[in-house]
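> Here is my input; please provide its structure:
(one chain, ligands or ions: 1)
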Amino acid sequence: MNIIVINSGSSSIKYQIFNMSDNSVLVSSLLERIGESLSSLRHRWLQSDGKYKEISISKQVADHREGLQWITNVAEDTGLTQKLKGLFGIGHRVVHGGEVFREPAIINDKALEAIRKMIPLAPLHNPANLVAIEAALKNYPDVPQVAVFDTAFHQGMPPYAFHYAVPYELYKDYHVRRYGFHGTSHQFVSKQAAIYLGRPLKELDLITLHLGNGASAAAIKRGISVDTSMGLTPLEGLIMGTRCGDIDPSLPFYIAQRSGRSLNDIDRMLNKESGLKGICGANDMREIISRAEGNDALATLSLDMFCYRIKKYIGAYFAVLGGIDAVVFTGGIGENAAIIRKMCCEGLERLGISIDAGKNDSPSSEAREINQNATPVKVLVIPTNEELEIAIQTVEAILAAK
Ligand code: ADP
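Below you'll find the predicted structure:
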């Protein structure tokens, strides 16, 4: 049983084919710079000898439809036809499902209309997701397709956690509330944590920390996300590569008054020129760590700020959950940066959180624990796999609809 997963960004498409009998990746493609003068495609596929082969090619690709067709053509040239014989479904990552989608949805006219209605909430992402869905519907008209939403997992938040204390009409008129994102990743690693711990997810209280270029924390009570750090948009919460995370809501007005900058300008500044980059000029964590090791003051400050914010969320969610079984680190930073994990957990011994330096410093690509033996709270590092989670949810949705 094979599943295609399509994750379409504003100018890119990630495309994977999974063999669901062993979760292996048969094909993995990344098409970037769609709509520019030259788009590039990196295409990797599993050959009959069990080894992967990779090619990189460039040409002009005008839009997502053309892009998806190109990926399909390249994939067919490299033996895709055989793999498509067992094609069971196609799963699409869709960023915003609003309050409509608490679960993955089989794509039909009603679902498409609902995703379209969500465009004002995610003006950059939902249109790109829709273009890819429409292209895939044309390319594979007979294959069931499923939308898996970044926001859906966080629909478990209670009203006192998802409302902002602003006039209630804004919620009714414009859907202003906290939604949260990275839901697929938080859900995947919480399920993996339960498997690692050998306990049912329904018995576990977890704090999951997805730390990549975008970063978010979630409080997961017995498998349900009851709070998360991102809000109406992905700007709220933790400090990120280029996003500011939590700030005083008056800051944009103050900057506008003092500098005369427009709202659009400030919006761009908070999303693209802030976070780690705003403080030290870089947003690649590897570069920042190496500069901090060389005593660069602003790189050190940005690391301290990044970890301090995470620590505050760990404390908040510890209180929200009334104690926890495990803290889970994931995402490019969470999985690889031992120094960040150490700084986030330092001083939390009285909460039962205590890292073993030796375990923390041993790199691995496997799920593992890095806490000291006999501490009450496990500290886990679990590689995320959003594409696999989309594939799993796609299969479940198709089977449930049968
Ligand atoms: P995205 O949100 O774009 O999916 P990723 O989850 O891939 O991002 O995370 C990217 C971040 O992970 C970057 O800041 C990168 O520097 C960081 N990262 C990747 N590998 C390492 C490493 N070995 N040590 C420290 N940081 C790392």
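> Now for the nearest residue to residue 80 once chain neighbours are set aside: which residues touch it?
Leaving aside its chain neighbours, residue 80 sits nearest to residue 27 (6.5 Å; criterion: C-beta to C-beta, 6 or more residues apart in numbering). For glycine as for every other residue, the C-beta is placed from the backbone atoms N, C-alpha and C. Contact analysis of residue 27 by C-beta atoms under 8 Å, 6 or more residues apart in numbering lists 15, 16, 17, 43, 44, 45, 46, 75, 78, 80, 83.
> which parts of the stretch 101-250 of the chain sit against the ligand?
Residues of the stretch 101-250 of the chain lying close to the ligand by C-beta under 6 Å from any ligand atom are 212, 213, 214, 241.
> How far away from the center of its chain is stretch 96-106?
Here stretch 96-106 is found 16 Å from its chain centre; the criterion is C-alpha atoms, centre = their mean, to the nearest Å.
> The chain should start at 13 in everything you say after this.
Taking 13 as the first residue, the last one we looked at is stretch 108-118.
> Which one of the residues of the stretch 113-262 of the chain next to the ligand sits in the busiest neighbourhood?
Across those, neighbour numbers were computed from other C-beta atoms under 10 Å; residue 253 holds the maximum, 22 neighbours.
> Pick out the residue in the stretch 163-312 of the chain sitting closest to the ligand.
residue 224 (2.5 Å; C-beta to the nearest ligand atom).
> My understanding was that that residue contacts residue 348; is that so?
No. Judged on C-beta atoms under 8 Å, residue 224 makes no contact with residue 348 at a distance of 10.2 Å.
> one step back: of the contacts of residue 39, buried ones?
Buried by 16 or more other C-beta atoms under 10 Å: 27, 28, 29, 55, 56, 57, 58, 87, 90, 92, 95, out of these.
> Counting neighbours, what do you get for residue 304?
Residues lying near residue 304 (other C-beta under 10 Å) number 19.
> State the three-state secondary structure for the residue nearest to residue 92.
Counting by DSSP: H, G, I helix; E, B strand; the rest coil, the backbone at residue 39 sits in strand.
> Could I get the average pLDDT for stretch 85-105?
Averaged over stretch 85-105, pLDDT sits at 84.
> helix/strand/coil for residue 376?
Residue 376 ends up coil, using three-state DSSP.
> go on, residue 158?
Here residue 158 is recorded as strand under three-state DSSP.
> Quickly list what it is bridged to.
Beta-bridge pairing for residue 158 (DSSP bridges): residue 103, residue 118.
> Could you check how many residues crowd around it?
Number of residues near residue 158 (other C-beta under 10 Å) recorded here: 26.
> Please list all residues in contact with it.
Residue 158 makes contact with 101, 102, 103, 104, 116, 117, 118, 119, 405, 406, 409, 410, according to C-beta under 8 Å, 6+ apart.
> ok so, going back, same list (the contacts of residue 39) but as JSON lines, adding secondary structure and distance to residue 247.
Putting those into JSON lines (DSSP: H, G, I helix; E, B strand; the rest coil; distance: C-beta to C-beta, whole Å) gives the following:
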{"residue": "27", "secondary structure": "strand", "distance to residue 247": "28"}
{"residue": "28", "secondary structure": "strand", "distance to residue 247": "28"}
{"residue": "29", "secondary structure": "strand", "distance to residue 247": "34"}
{"residue": "55", "secondary structure": "strand", "distance to residue 247": "34"}
{"residue": "56", "secondary structure": "strand", "distance to residue 247": "33"}
{"residue": "57", "secondary structure": "strand", "distance to residue 247": "37"}
{"residue": "58", "secondary structure": "strand", "distance to residue 247": "39"}
{"residue": "87", "secondary structure": "helix", "distance to residue 247": "36"}
{"residue": "90", "secondary structure": "coil", "distance to residue 247": "40"}
{"residue": "92", "secondary structure": "helix", "distance to residue 247": "39"}
{"residue": "95", "secondary structure": "helix", "distance to residue 247": "39"}
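> now these as CSV including distance to residue 167?
CSV is the format used below for the contacts of residue 39 (distance: C-beta to C-beta, whole Å):
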residue, distance to residue 167
27, 27
28, 26
29, 29
55, 35
56, 34
57, 36
58, 36
87, 34
90, 39
92, 35
95, 34
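> What is the nearest of those residues to residue 331?
Looking at these and their distance to residue 331, the nearest is residue 28, at 38.6 Å (C-beta to C-beta).
> wouldn't that closest one be in contact with residue 399 here?
Yes. Under the criterion of C-beta under 8 Å, residue 28 makes contact with residue 399 at 5.0 Å.
> so what pLDDT did residue 18 get?
At residue 18, the predicted lDDT confidence score is 96.
> Pull up the gap between the residue lying farthest from the centre of the chain and residue 257, please.
Going by C-alpha atoms, centre = their mean, the residue of the chain most distant from its centre is residue 270, 35.2 Å out. Distance of residue 270 to residue 257, given as C-beta to C-beta, to the nearest Å: 22 Å.
> same question, residue 385
As judged by C-beta to C-beta, residue 385 and residue 257 stand 34 Å apart.
> higher neighbour count, these two?
More crowded of residue 385 and residue 257, by other C-beta under 10 Å: residue 257, with 22 against 8.
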